[in-house]
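Undergrad: Quick one, what's the 3D model for this:
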Amino acid sequence: MEFTVKKPMHVIALLGVLGSLALFIGYPLVSLFFNTEMPSIYSPSMTPVQRMSIEISLLFTQFLFVFIGLIGVPLIWYKVVNRLTLKEMFGRLQLKRDGLSDALLWGFITVIIAFALTMGLGLLYMYITKTDPSTFSNIPDLQQLFSISSLYILVTVQPFCEEFFFRGFLFEKILKKAGPILAIITTSVLFGISHLSYTYAYAAIIAVILGVLLSIVVYKTKNLYSAIFAHTLINITSLTLYFFGQSFWM
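TA: From the prediction side, this is the model:
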């Protein structure tokens, strides 16, 4: 079934998709031009229990918005507009066990390529712009809100949601209408824009490159698990290397 404005439920589904795009892509883009320093939500007088309570609330709120916007909205579209069963939805999203071992292998290869590219581009970017390498990562910003354990939970869970939306739902829709090249470029650029909320241009550039690699591996393997595995492994490895580097230089 195709979308039609004559059906109210189709319009509601469309508003949901537009809302997700506004939240995860529009807001970061706007925040780039209205960058303000966010005051700390923790005060020195807080007890460990109070800090933990706030941190858990932040983590819960983060996951709530991510799950609703990046997973719930696409599922509603598939159910309301396309009238698919859950099994058919997973088929559209290419969440399948067939060829899983090959998908994970290609995901691992993607991780190696991604780190090689980002290291080379990082050195080149630093040489050209004379930028402080400490601004290359958004981890210091996240550390102001989350503990190390919460950060690992965040970087492990969120990739699934992002891949579900960008390399799953959006990629499938654009691929069907415009072909692989436009699907790869569009979803990668949108993925990069979604990382502008960290206000670092380098993070967005790397996100675009990563988006291209993840889109290509999904298109090649016809399996979204390849991108989910690669994205998660990249996040966990990057976070671990960051903390290792901090402890090494201290």
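
Undergrad: so which helix or strand takes in Tyr202?
TA: With secondary structure defined by DSSP states H and E, Tyr202 is part of helix 201-221.

Undergrad: swap in Ile76?
TA: helix 73-80.

Undergrad: How about that helix, which residues are buried there?
TA: When neighbours are counted by 16 or more other CB atoms under 10 Å, the buried residues of helix 73-80 are found to be 73-80. In this view, the C-beta of every residue, glycine as well, is placed from N, C-alpha and C.

Undergrad: from the residues you listed, which single one is nearest Thr237?
TA: Thr237 has its nearest neighbour among the buried residues of helix 73-80 in Pro74, at 27.6 Å by CB to CB.

Undergrad: list the contacts for the spatially closest residue to that closest one that is not a sequence neighbour?
TA: Leaving out its chain neighbours, the residue that sits closest to Pro74 by CB to CB, 6 or more residues apart in numbering is Phe169, at 3.8 Å. For Phe169, the contacting residues are 74, 77, 93, by CB atoms under 8 Å, 6 or more residues apart in numbering.

Undergrad: how near is Phe169 to Val49?
TA: 39 Å (CB to CB, to the nearest Å).

Undergrad: and if you look at Asp102?
TA: Per CB to CB, Asp102 is found 48 Å from Val49.

Undergrad: what about the helices in this protein?
TA: For the chain, the helices defined by DSSP state H occupy 8-21, 27-33, 48-66, 73-80, 86-93, 100-129, 139-143, 148-163, 171-178, 180-193, 201-221, 225-249.

Undergrad: Adding mean pLDDT and distance to Glu2, write those helices out as JSON lines.
TA: Below are these laid out as JSON lines (pLDDT from 0 to 100; distance: least, CB to CB, whole Å):
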{"stretch": "helix 8-21", "mean pLDDT": "95", "distance to Glu2": "9"}
{"stretch": "helix 27-33", "mean pLDDT": "80", "distance to Glu2": "29"}
{"stretch": "helix 48-66", "mean pLDDT": "92", "distance to Glu2": "28"}
{"stretch": "helix 73-80", "mean pLDDT": "97", "distance to Glu2": "12"}
{"stretch": "helix 86-93", "mean pLDDT": "95", "distance to Glu2": "14"}
{"stretch": "helix 100-129", "mean pLDDT": "90", "distance to Glu2": "30"}
{"stretch": "helix 139-143", "mean pLDDT": "79", "distance to Glu2": "41"}
{"stretch": "helix 148-163", "mean pLDDT": "95", "distance to Glu2": "25"}
{"stretch": "helix 171-178", "mean pLDDT": "95", "distance to Glu2": "11"}
{"stretch": "helix 180-193", "mean pLDDT": "96", "distance to Glu2": "18"}
{"stretch": "helix 201-221", "mean pLDDT": "92", "distance to Glu2": "23"}
{"stretch": "helix 225-249", "mean pLDDT": "89", "distance to Glu2": "27"}
